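Q: Sharing a model prediction with you, sequence too.
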Amino acid sequence: MVKKVVLGEIEVMLFVQRLFTDPTGYFVWVFLVVFSVCCHEYAHAQVALWQGDSTAADNGYLTINPFKQMGLASLIALLIIGITWGAVPVNPRRLRNKYSEALVAAAGPLMNLLLFILFSIAASVVYLKTTDFSIPSTALRLFFTGGMLNIVLLVFNLLPVPPLDGWSIFTFIFPHVHKINTELRNGIIFGLFILAFLSFGKLFALGADAVLFMVQIIVPLLKYFGM
């Protein structure tokens, strides 16, 4: 399902048709994307507040309300083509420390990591009840897809490409990157972005493998503790 959403323009544009051909998959995907993006953006806002910048908090971004975190245009894009975005305002000049901007940037991907772990645990619990991934229940599909999606969001947002979170982290670790020739730097960034876009299918495969790996670890632990 997910690969078709991101690999080609024709297939992306057909995402809304899943509302009629696979309504369960459609609503599972929409719910998970909205929930994960809103949690990601909430983490940015919360850590920014902890680091001294109340801009996001003052403007009502300490919420997981999708109309605030994502906006109407982003939600419409999600419903039609299956992809979306979100953003919170941050004022770097109000942050306390030199590393605060990197911490704020890292908060979103770390939230995705946490969600990946939680979804993987939930998938493991459901797996123990069904014992068969070949006939997935709606709950298993929900948790498995949620774990996979959050690995994709984690990896994608860590790319050192503006305006992604990875750029703020990368420039904090390597501040001299700003001294590189602008045209060369922009060319490299553009190349990385195109490479990432073309590799989305592999990102989803990575996400699926990561969830399966976690399930293989968690299930024996749950059995050991008598669940």
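A: Good, I have the coordinates. Residues are numbered from 1 along each chain as shown.

Q: helices and strands around the helix or strand where Asp209 lies, which ones?
A: Assigned by DSSP states H and E, Asp209 falls within helix 200-224. Packing contacts for helix 200-224, counted by 3 or more Cβ pairs under 8 Å, 6 or more residues apart in numbering; DSSP states H and E, involve helix 2-6, helix 100-130, helix 138-157. For glycine as for every other residue, the C-beta is placed from the backbone atoms N, C-alpha and C.

Q: Of those, which is nearest Phe213?
A: helix 100-130 (8.7 Å; Cβ to Cβ).

Q: The closest one versus helix 200-224: what angle between them?
A: Here helix 100-130 runs at an angle of 60 degrees relative to helix 200-224 (axes from the mean of the first three to the mean of the last three Cα atoms, to 10 degrees).

Q: and the angle from helix 100-130 to helix 138-157?
A: 160 degrees.

Q: what pLDDT, on average, does helix 100-130 get?
A: Across helix 100-130, pLDDT averages out at 95.

Q: so how far is it off the chain centroid?
A: With Cα atoms, centre = their mean, to the nearest Å as the basis, helix 100-130 stands 10 Å off its chain's centre.

Q: if we can go back for a sec, and of the helices and strands packed on helix 200-224, who's closest to Gln216?
A: Smallest distance to Gln216 across the helices and strands packed on helix 200-224 (Cβ to Cβ): 8.9 Å, for helix 100-130.

Q: which residues touch the closest residue to Ile117 other than its chain neighbours?
A: Once flanking residues are discounted, Ile117 sits nearest to Met214: 7.3 Å by Cβ to Cβ, 6 or more residues apart in numbering. Counting by Cβ atoms under 8 Å, 6 or more residues apart in numbering, Met214 makes contact with 116-117, 120-121, 123-124, 147.

Q: quick one: which two of those are the most distant?
A: Phe116 and Ser124 (12.5 Å).

Q: Excluding sequence neighbours, find me the nearest residue to the most centrally placed residue in the chain.
A: Taking Cα atoms, centre = their mean, the centroid of the chain lies closest to Leu153, which sits 2.6 Å from it. Spatial nearest neighbour of Leu153, chain neighbours left out: Asn112 (4.5 Å); criterion: Cβ to Cβ, 6+ apart.

Q: So what's the residue count around the one you found?
A: 25 (other Cβ atoms under 10 Å).

Q: from what I can see it touches Asn157, true?
A: Yes - with contact defined as Cβ atoms under 8 Å, Asn112 reaches Asn157; the gap is 7.1 Å.

Q: Which residues are in contact with each of those two?
A: His40.

Q: that older thread, could you pull up the contacting residues of the residue nearest to the centre of the chain?
A: 36-37, 40, 109, 112.

Q: Point to the helix or strand of the protein where mean pLDDT is at its lowest.
A: helix 2-6 (a mean of 40; mean pLDDT, DSSP states H and E).

Q: picking that back up, return the members of the contacts of Leu153 classed as buried.
A: For the contacts of Leu153, a neighbour count by 16 or more other Cβ atoms under 10 Å gives the buried set as 36-37, 40, 109, 112.

Q: Would you reformat those as TSV and include distance to Lys129?
A: Shown next, in TSV, are these (distance: Cβ to Cβ, whole Å):
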residue	distance to Lys129
Ser36	24
Val37	29
His40	29
Pro109	31
Asn112	26
